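Enquirer: mind folding the following:
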Amino acid sequence: MSPKGRGTETKRSLILYVRKGCPFSAHVRATLARMKLPFEERNLAEERHMHGLLSRGGRIQTPYIIDEGKNTEMYESEDIVAYLARTYGVRRRVLA
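Expert: Here you go, the predicted structure:
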């Protein structure tokens, strides 16, 4: 697989389940933004996402992150932030 292909996988590998107005979800979103990590957001306001989270994690609680590239899933904002720091560290801009 080419490096370009691996980059595409990384961009699609993080999925974050959130609930509107949840400060814990906002904390994880802010961390992802600060680290410049692309992610797909799934808001529990959409019933299909609520059902998806329940089938995936077993309970309706946010935030919940799925890192498909690392085969890792978890609840709890502080655990998620610590995981992101350990796994991805500080992201640096690549200069062309």
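
Enquirer: look at residue 60 and give its secondary structure.
Expert: coil (DSSP: H, G, I helix; E, B strand; the rest coil).

Enquirer: okay, now the unreliable bits of the protein?
Expert: For the chain, the stretches flagged by pLDDT under 70 are 1-12, 90-96.

Enquirer: the helices in it, which residues?
Expert: 3-13, 23-34, 47-57, 77-88 (DSSP state H).

Enquirer: make TSV out of those helices and add mean neighbour count.
Expert: From N, CA and C alone the C-beta is placed, and that goes for glycine too. Listed next are the helices of the chain as TSV, based on neighbours: other C-beta atoms under 10 Å:
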stretch	mean neighbour count
helix 3-13	11
helix 23-34	16
helix 47-57	14
helix 77-88	15
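
Enquirer: looking at those helices, which is closest to residue 65?
Expert: The closest of those to residue 65 is helix 77-88. By C-beta to C-beta, the value is 5.0 Å.

Enquirer: nearest spatial neighbour of residue 87, skipping sequence neighbours?
Expert: Spatial nearest neighbour of residue 87, chain neighbours left out: residue 70 (6.4 Å); criterion: C-beta to C-beta, 6 or more residues apart in numbering.
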